[in-house]
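>>> What follows is a predicted protein model with its sequence.
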Amino acid sequence: MNEQRKINYLAKLLSILFIIICIGLYFLTNDKPEWYCKLINNLVPEMLGPVLAVLFIFYIFINRGINLFVPDTPIAYTHILSVASIKPEKFGIKITSPSEGDRVSKPTEVKGTYEYIPENTRLSIYFVNNSQTYCWINVSPVIIDHHSKTWKSKIYIGSDTDINIEYYIVIALEDIATEPWFTFYKEVSAETKNWRPLKYPLPKTVNEVKKIRVYRK
């Protein structure tokens with residue numbers, strides 16, 4: 001029995017129970033001298049008429065497939081206002097290369113898989129310093145293969161002198177509304193040749209879905 005049928009069945013059961021209670025109250029208060037019994041005895045017949053009319057209309061609607069009471073349905077992920085409101089594990093995003101604790105060169109290809117990426121979102125890659133106070137966003141394009149459900153991108157971690165330094169690679173999903181800011185950051189940084197770090201942790205509007213630790217070699 002689906003949710004809608006359960007609601008219709010419950011409505012029918014409650015309406016029948018209400019009618020039985022009204023009839024019972026009518027007979028229990030009949031010929032009673034108390035004022036409240038007389039009041040109930042007079043009100044019951046007046047109540048039953050409108051109630052029966054409403055129930056009759058309700059049953060007609062049900063028989064024609066028109067549901068007056070519709071169960072709440074979960075909102076599809078594609079209609080959620082912010083991707084940050086979805087639990088990270090729902091996306092099934094994984095990093096297949098490099099692995100936790102690997103030693104990586106300055107230019108490194110990051111690859112992974114995914115199960116679900118909502119519409120109007122961007123998969124972003126950040127690398128974070130060892131104290132986890134600053135981060136840099138990867139400006140290279142992330143190539144997503146929707147057929148094999150894989151993704152990859154080339155990133156640049158640290159400077160030429162950062163040998164044996166610990167970094168973190170963070171995979172995040174962001175609303176497409178951040179695209180203008182990302183484009184501005186990329187253009188200004190390229191023009192000034194100054195890739196300024198961003199504060200870490202990331203804003204709450206960014207959904208951090210995966211994080212691993214690596215070392216520069």
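That came through, no problem. Numbering: from 1, shown residues only.
>>> any idea how far the lengthiest helix in the chain is from the chain center?
For the chain, the longest helix by residue count, based on DSSP state H, is helix 35-63. Averaging C-alpha coordinates over helix 35-63 and over its chain gives two centres that are 43 Å apart (CA atoms, centre = their mean, to the nearest Å).
>>> How about stretch 157-165?
For stretch 157-165, the distance to the chain centre is 37 Å (CA atoms, centre = their mean).
>>> start to end distance for it?
10 Å (CA to CA, to the nearest Å).
>>> same check, this time on stretch 140-156
In terms of CA to CA, the two terminal residues of stretch 140-156 are separated by 9 Å.
>>> If you count neighbours, what's buried in stretch 88-108?
Along stretch 88-108, the positions that meet the burial threshold by neighbour count (16 or more other CB atoms under 10 Å) are 88, 91, 93, 95, 98, 104, 108. Quick note: C-beta positions are derived from backbone N, CA and C, even for glycine.
>>> what are the ranges of the strands in this structure?
Counting by DSSP state E, residue ranges of the strands within the chain are 94-97, 103-104, 107-113, 121-128, 134-137, 143-145, 150-156, 166-175, 198-199, 207-216.
>>> Residues touching the fourth one, excluding its own?
It refers to strand 121-128. If you take CB atoms under 8 Å, 6 or more residues apart in numbering as the criterion, strand 121-128 is touched by 83, 93, 110, 114, 117, 134-138, 142, 144, 151, 153, 155, 157-158, 167-176, 178-179, 182, 198, 200, 202, 206, 211.
>>> Are any of the residues you listed buried, and if so which?
Restricting the contacts of strand 121-128 to buried positions leaves 83, 93, 110, 114, 117, 135-138, 142, 151, 153, 155, 157-158, 167-175, 178, 200, 202, 206, 211, with burial counted as 16+ other CB under 10 Å.
>>> Next one, pLDDT for the residue of the chain most remote from its centre please.
Computed with CA atoms, centre = their mean, the residue of the chain farthest from its C-alpha average is residue 33, at 61.2 Å. The model reports residue 33 with a pLDDT of 79.
>>> which residue ends up closest to the midpoint of the chain in space?
Ranked by distance to the mean C-alpha position of the chain (CA atoms, centre = their mean), the top residue is residue 86 at 3.3 Å.
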